[in-house]
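Trainee: here's my sequence, what's the structure:
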Amino acid sequence: MRQTLEGLCGCTAPSGFESPAAQAARDFLAPFVDETWVDRMGNLLGVRRCGREGAKKVLLDAHLDEIGLMVTGAEEGFLRFRTIGGVDPRMLPGRELTILTEPPMVGIVAAPGPHQADTDKSIPITELVVDAGLTQAQAEELIGTPMVYRGSCFPLGEGQMCGKAMDDRSCFATLLRCMELLKDRALDVDVYVMGSTREEVSGAGATVGTWAVRPDCCVAVDVTHGRTPDGPADKTFVLGGGPAVGVGPNMTRWMTKRLLDKAVERKIPCQQEIMSGHTGTNGWEMQISREGVATAVLSVPLKYMHSPIETLSLDDLEHTAALLAAFVTDLGKEGPL
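Mentor: Here you go, the predicted model:
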C-alpha cells in the first residue's frame, strides 16, 4: 500500500492534465482486470468480467486529479496564477511547486518576510507570485502552464501516510486493493473500476464515464474530513476508525444498508457520515446518469484536506478495500439488482 501511494501521489496530474496519473494507475490495475482503456475524457477504466452473459455491472470510482495552479501572466520574471480546484491560499506562501514544463521545473510561491506582511491575515491569491528564477521573456512563455505541489508522500509515525494528492489517489489505491482481494473469488457481477478525471473542477470525468459504462450500481470512493483538535466532532471522523459510509437522501438506501451490514458481518470497523444534501463527491453526478444509477458513497478520513500534507491511516485504506470487496461478493445473488 505504501508503494502504491508513493507511485500514485508522486504523479503530477492536476484536473484536466491527469495523463501521468492515469498511466501509473493503469499499470497498477492491469493485473487484476481483463481489460483496461482510457476514454476521451482521460478516465482510466478497467473491467473484470464474471463470465456470465448479461451479468449486472458494478462501477467503483475514485478520481485521479489533484488540485493545482495555472500560470496566467508574468511580471518582472515572476509568475501570476489562478487556482485549479479548491486551493487554500493559506497553504501557499513558501511552498515548493512543480511547474509542468518539459522537463518540469521547480518554483516557489514567494513569501514576504514578517516585516513586510500582516501576519494575522492570509494573502489573497491575486497578490501572490511564483518565483522560478526566470527572466521576463522566459516567464511569459509559461502562460497557460499548470503547477502542483512538489513531492509525493511519506510515512508519518507507524500507521499513517502524509503527502499531496491523497485526495483522491489514496482511494484509487483502495480500489486496487479491493480488486486484489477479489482476484481469486468467483463473482456474479462484472466489476468496473474507474479512475476519473476533473472531479476537483466539475465532475465531468465521472459523468461521462458512468454514462458509457451504464452500470446497475456504483460506489463513489472519496475522502472526508479527519478528526483534529480544532475540528467539529459531528463533522469529522477518527483516523483508524474505518471508512465512513455516506447516509442521506442522495445515496440509494439498499446500498448504504448493505455496506453497513457487511461491515458488521465481516467485523470491519466503519463510521457513518450524515450527508443531508450534496455529497461533494462524484456520487452527485453518477446518480443521475442516463435514467439514474443506484449510488453509494464511501469515504476515507483524511486530515488537512487540499493541502500538501494530507494525512491518513493505512488501516483505514485496508478496511475500505475489505468493505468494498465484501459489498461486491455475491452481489448478484444477494442484492436487489
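Trainee: distance check, residue 180 against residue 155.
Mentor: 21 Å (Cβ to Cβ, to the nearest Å). C-beta: built from backbone N, CA, C; applies to glycine.
Trainee: go on, residue 304?
Mentor: From residue 304 across to residue 155, the span is 16 Å (Cβ to Cβ).
Trainee: ok, these two, which is more surrounded?
Mentor: Between residue 304 and residue 155, counted using other Cβ atoms under 10 Å, the more crowded position is residue 304 (18 against 14).
Trainee: ok, now which ones touch that one?
Mentor: Residues near residue 304 by Cβ atoms under 8 Å, 6 or more residues apart in numbering: 226, 228, 310-311.
Trainee: show me which of these are buried.
Mentor: Neighbour-count burial within the contacts of residue 304 applies to 226, 310-311; the criterion is 16 or more other Cβ atoms under 10 Å.
Trainee: same for whichever helix or strand residue 154 is part of, what does it pack against?
Mentor: Assigned by DSSP states H and E, residue 154 falls within strand 153-156. The contact analysis (3 or more Cβ pairs under 8 Å, 6 or more residues apart in numbering; DSSP states H and E) places strand 153-156 against helix 2-9, strand 160-163.
Trainee: let's see that with 10 Å instead.
Mentor: For strand 153-156, the elements it packs on are helix 2-9, strand 160-163, helix 166-182, strand 310-313, judged by 3 or more Cβ pairs under 10 Å, 6 or more residues apart in numbering; DSSP states H and E.
Trainee: out of the buried ones among the contacts of residue 304, the closest to residue 89 would be?
Mentor: residue 310 (17.0 Å; Cβ to Cβ).
Trainee: ok, and the closest non-adjacent residue to that closest one?
Mentor: Nearest residue to residue 310, sequence neighbours excluded (Cβ to Cβ, 6 or more residues apart in numbering): residue 166, at 3.9 Å.
Trainee: which residues touch the one you found?
Mentor: 5, 8-9, 66, 153, 173, 223, 300, 302-305, 307-312, 317 (Cβ atoms under 10 Å, 6 or more residues apart in numbering).
Trainee: rewinding a little: next, format the contacts of residue 304 as CSV and append distance to residue 146 and pLDDT.
Mentor: Converted to CSV, the contacts of residue 304 look like this (distance: Cβ to Cβ, whole Å; pLDDT from 0 to 100):
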residue, distance to residue 146, pLDDT
226, 27, 98
228, 29, 95
310, 19, 98
311, 24, 98
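Trainee: for those residues, work out which two are farthest apart.
Mentor: 228 and 310 (12.2 Å).
Trainee: mind listing the shared neighbours of these two?
Mentor: Listed as contacting both residue 228 and residue 310 by Cβ under 10 Å, 6+ apart are 303-304.
Trainee: ok, residue 138 to residue 305 distance?
Mentor: Distance from residue 138 to residue 305, by Cβ to Cβ: 34 Å.
Trainee: look at these two and report which has more neighbours.
Mentor: residue 305 (17 against 13).
Trainee: figure out the helix or strand that residue 258 lives in.
Mentor: Secondary structure from DSSP H and E places residue 258 in helix 253-265.
Trainee: look up the closest residue to residue 95, ignoring the ones flanking it.
Mentor: residue 109 (4.8 Å).
Trainee: may I have the beta-bridge partners of the one you found?
Mentor: Beta-bridge partners for residue 109, by DSSP bridges, are residue 130.
Trainee: in contact with it, which residues?
Mentor: Counting by Cβ under 10 Å, 6+ apart, residue 109 touches 69, 79, 81, 89, 91-97, 123, 128-131, 147, 149.
Trainee: now with 6 Å, please.
Mentor: 92-93, 95, 128, 130 (Cβ atoms under 6 Å, 6 or more residues apart in numbering).
Trainee: just the ones in strands from those residues, please.
Mentor: When DSSP state E is applied, the contacts of residue 109 are split such that residue 130 fall in strands.
Trainee: now the two most distant members of the contacts of residue 109.
Mentor: Checking the contacts of residue 109 with Cβ to Cβ, the most distant pair is 93 and 130, at 10.9 Å.
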